[in-house]
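Novice: model the following, please.
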Amino acid sequence: MAHGRLASLRRPRALPRAVRLWRPPRKVVLAILGAIALALGGWLWLRDSSLVAVQRVTITGASGPDAQQIRSALLAAARSMTTLDVRMGSLRTAVAPYPVVRDLQVTTQFPHGMRIRVIEQIAVGAIVVDGHRLAVSADGTLLHDVTPAQSLPSIPVRVPPGGTRLTGWARSAVDLLAAAPAQLLAHVSQVTTEAAHGLVAQLRSGPSIYFGDASHLDAKWIAASAVLTDSGSVGASYIDVTDPERPAAG
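Specialist: Residues are numbered from 1 along each chain as shown. Below you'll find the predicted structure:
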């Protein structure tokens, strides 16, 4: 008798008709799927239709000798798009021949407007070869179409760099300049390399700073700043931050 009661407890009970799960008729399901497909097709058609074609393009931020070519390349690429289908890859490909362009910011004004902001590379130094100066950005990109300001720190090299980016010790020199605090970067006249001291930054009307290798540059600049502001370093000809935890002046 007890066994029979246990069996009845384990047997699942059928749901009353009123609470059984409702299944929509097949026609309703097909109608919903058809409406979704129709809406998707309509969106795809509108996205690439002339109703939203890019007609007005505003380009800002481009400067220098190649500014007109950059604007023309972006204009041609933008006018092949719509405001609902902006292809950033195509826009970046259009300006790939111009290393001065670091990035693009794009916004659209429905239905026909597009604004493109060109973000240019910022020069942190200048490679110097046989008296000729060539601007270089913080990531080592050579900026052939940028006239370097005389105030930019110099990086003297013996052989003209090949390719679009620096390599070797010159790249380490650029990394050093890119890590420098703005107030100190303005006082650096040049960066060289010496067998005894590694990377050396020469300050205008100030001491040389010995950095050693290109590791821990942020910490080394912090240490150099602390020594420079210490009254005990006045008149020093060099500051050694090869070990940023034990800076020295002499």
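Novice: where does pLDDT dip in this structure?
Specialist: For the chain, the stretches with pLDDT under 70 are 1-20, 28-29, 31, 38-39, 41-47.
Novice: which residue ranges of it form strands?
Specialist: Secondary structure of the chain by DSSP state E: the strands cover 56-60, 101-109, 113-120, 123-129, 132-137, 142-143, 154-156, 188-194, 198-203, 208-212, 238-240, 248-249.
Novice: so which of the ones you listed gets nearest Arg165?
Specialist: Comparing these by their distance to Arg165 (C-beta to C-beta), the top pick is strand 142-143, with 6.7 Å. (C-beta placed from N, C-alpha, C; glycine too.)
Novice: what is the closest one packed up against?
Specialist: Here strand 142-143 touches strand 132-137, going by 3 or more C-beta pairs under 8 Å, 6 or more residues apart in numbering; DSSP states H and E.
Novice: show me the contact partners of the strand it packs on.
Specialist: 99, 102, 121-128, 142-144, 146-148, 152, 154-155, 161, 166, 174 (C-beta atoms under 8 Å, 6 or more residues apart in numbering).
Novice: do that again at 6 Å, thanks
Specialist: Gln121, Ala123, Gly125, Ala126, Ile127, Leu142, Leu143, Val146, Pro148, Val174 (C-beta atoms under 6 Å, 6 or more residues apart in numbering).
Novice: dump that strand to CSV, keeping only the CA atoms.
Specialist: As requested, the backbone C-alpha atoms of strand 132-137 are provided in CSV (Å, rounded to 0.1, in the frame of the first residue of the first chain):
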residue,chain,number,x,y,z
HIS,A,132,68.7,68.3,-42.4
ARG,A,133,65.9,68.0,-39.8
LEU,A,134,63.0,65.5,-40.1
ALA,A,135,60.2,65.6,-37.6
VAL,A,136,59.3,62.4,-35.8
SER,A,137,56.2,61.6,-33.7
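Novice: want to throw the contacts of strand 132-137 into CSV with distance to His216?
Specialist: Conversion of the contacts of strand 132-137 to CSV gives the following (distance: C-beta to C-beta, whole Å):
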residue, distance to His216
Gln121, 25
Ala123, 24
Gly125, 20
Ala126, 25
Ile127, 24
Leu142, 26
Leu143, 27
Val146, 30
Pro148, 28
Val174, 17
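Novice: buried among these? Make that a PyMOL selection.
Specialist: The buried subset of those, as determined by 16 or more other C-beta atoms under 10 Å, is captured in PyMOL by this line:
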select buried, resi 121+123+125+126+127+142+143+146+148+174
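Novice: ok, so of the contacts of strand 132-137, who is nearest Asp85?
Specialist: Nearest to Asp85 among the contacts of strand 132-137, with distances taken as C-beta to C-beta, is Gln121, at 28.5 Å.
Novice: which one is that closest one nearest to, not counting chain neighbours?
Specialist: Distance criterion C-beta to C-beta, 6 or more residues apart in numbering; nearest residue to Gln121, sequence neighbours excluded, is Ser137 at 3.7 Å.
Novice: could you check how many residues crowd around the one you found?
Specialist: 22 (other C-beta atoms under 10 Å).
Novice: now the one 4 residues further on
Specialist: Thr141 has 19 neighbouring residues, counting by other C-beta under 10 Å.
Novice: identify the bridge partners of it.
Specialist: Arg165 (DSSP bridges).
Novice: tell me what the residue nearest to Gln121 is bridged to.
Specialist: Beta-bridge partners of Ser137, as defined by DSSP bridges: Ala123.
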